[in-house]
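Q: Need the 3D shape of this:
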Amino acid sequence: MSSYTYFAEFYDTLTRNVGYEKRADYLMELFSRHGHEPGLTLDLACGTGSLTLELHKRGIDIFGADASSDMLSIAQQKFDEEERSTLFLRQKMQRLELYGTINTCICTLDSINHLTSAEDVVNTFRRVSKYLEDDGLFVFDCNTVYKHQHILGDNCYIYDTKKVFCAWQNNYEPKDNRVIITLDFFESDGKGYRRYSEQFSELAYTREETASMLGRAGLVIEAVYDDMSFEEPKPDSQREIYVVRKMKK
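A: Numbers count the residues shown, from 1 in each chain. Just a heads-up that it's a prediction; the model follows:
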């Protein structure tokens, strides 16, 4: 998995359309609909901490973990600027080590897709299950196979902002629904442009494959929603939200 060294610097610029406030409100409504009190919450693969911060503002006792020190540095800065404090851990999802149990885990914006193998996904689910309290809730989202096949595919995208020009190129491998993503960043220094490159891949799984991997970790799907809704996913849904419960022993 990439360390996202350069991606971290431009991540917030390129994800301004995510709508972190709305996503935080959605998660709060989701917890309510499932009769779940979040309690101590882990934002797994928290990135630059935008969603972590929004949930903290809503009174959630939340901390974050991410494999990228560059991402976490930005996340910490956001909390410092708001004069808020929380814990950030530099850890890979599939090797998660906590000091105690948690009541809730969230993992958003396709972070599960960024794991480089099905084995890593299973190991991540097992690590979450290990630290999740009985009856705890694990909420994560995934890009769908449809999105990999028909939206990302072998397509290219251009992002032109005041801060950076980004060329996004995809290479789709149908054998395992993998998209290899190459990002080329061009940043102006006033006289010319500096170029940075980053490459990583995303894997997509069917709902049946995901359910099987969750089952191996002792986790049970309670609901699957279309992104940012409480409706059933459609055949052409691009992102699905999984609500998963750790059953009482």
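
Q: which phi and psi does the residue sitting furthest away from the middle of the chain have?
A: Largest separation from the mean C-alpha position in the chain: K191, at 36.1 Å (Cα atoms, centre = their mean). Per-residue torsions, K191: phi -120, psi -30 (degrees, to the nearest 10).

Q: low-scoring stretches of this protein, by residue?
A: Flagging of the chain using pLDDT under 70 yields the residue ranges 1-16, 249.

Q: one more time with 50
A: 1 (pLDDT under 50).

Q: quick one: the helices in it?
A: 5-14, 20-33, 50-57, 69-81, 118-131, 145-146, 207-216 (DSSP state H).

Q: what's the second one packed up against?
A: This means helix 20-33. Helix 20-33 sits against helix 50-57, strand 132-143, with contacts defined as 3 or more Cβ pairs under 8 Å, 6 or more residues apart in numbering; DSSP states H and E. (C-beta placed from N, C-alpha, C; glycine too.)

Q: hmm, 6 Å instead?
A: Applying 3 or more Cβ pairs under 6 Å, 6 or more residues apart in numbering; DSSP states H and E, one finds that helix 20-33 contacts helix 50-57.

Q: now do the fourth one
A: Packed against helix 69-81 by the contact rule (3+ Cβ pairs under 6 Å, 6+ apart) you find helix 5-14, strand 88-90.

Q: List the buried residues for that helix?
A: 70-72, 74-76, 78-79 (16 or more other Cβ atoms under 10 Å).

Q: Please apply the same query to the fifth one.
A: Residues of helix 118-131 classed as buried under the neighbour-count rule (16+ other Cβ under 10 Å) are 120-129, 131.

Q: again, but for the second one
A: Neighbour-count burial for helix 20-33, with 16+ other Cβ under 10 Å as criterion, is recorded at 20, 23-24, 26-28, 30-31.

Q: how is this structure carved up into domains?
A: 5-143+206-246, 147-202 (automatic domain parsing).

Q: and these, which is most packed in?
A: Of all these, domain 5-143+206-246 has the most neighbours on average by mean count of other Cβ atoms under 10 Å, namely a mean of 18.

Q: How far away from the center of its chain is that one?
A: On the basis of Cα atoms, centre = their mean, to the nearest Å, domain 5-143+206-246 sits 6 Å off its chain's mean C-alpha point.

Q: Distance to H148 for the buried residues of helix 20-33 - can I get that in a markdown table?
A: Output for the buried residues of helix 20-33, formatted as a markdown table (distance: Cβ to Cβ, whole Å):
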| residue | distance to H148 |
| --- | --- |
| Y20 | 24 |
| R23 | 22 |
| A24 | 27 |
| Y26 | 23 |
| L27 | 25 |
| M28 | 30 |
| L30 | 25 |
| F31 | 29 |
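
Q: residue contacts, the closest residue to N155 other than its chain neighbours?
A: Of all residues beyond its chain neighbours, the one nearest N155 is N170 (5.5 Å), with distances taken as Cβ to Cβ, 6 or more residues apart in numbering. By Cβ atoms under 6 Å, 6 or more residues apart in numbering, the contact set of N170 is 152, 154-155, 179, 181.

Q: From G153, how far out is N170?
A: From N170 over to G153 the distance is 6 Å, taken as Cβ to Cβ, to the nearest Å.

Q: ditto for D236
A: D236 is 14 Å from G153, by Cβ to Cβ.
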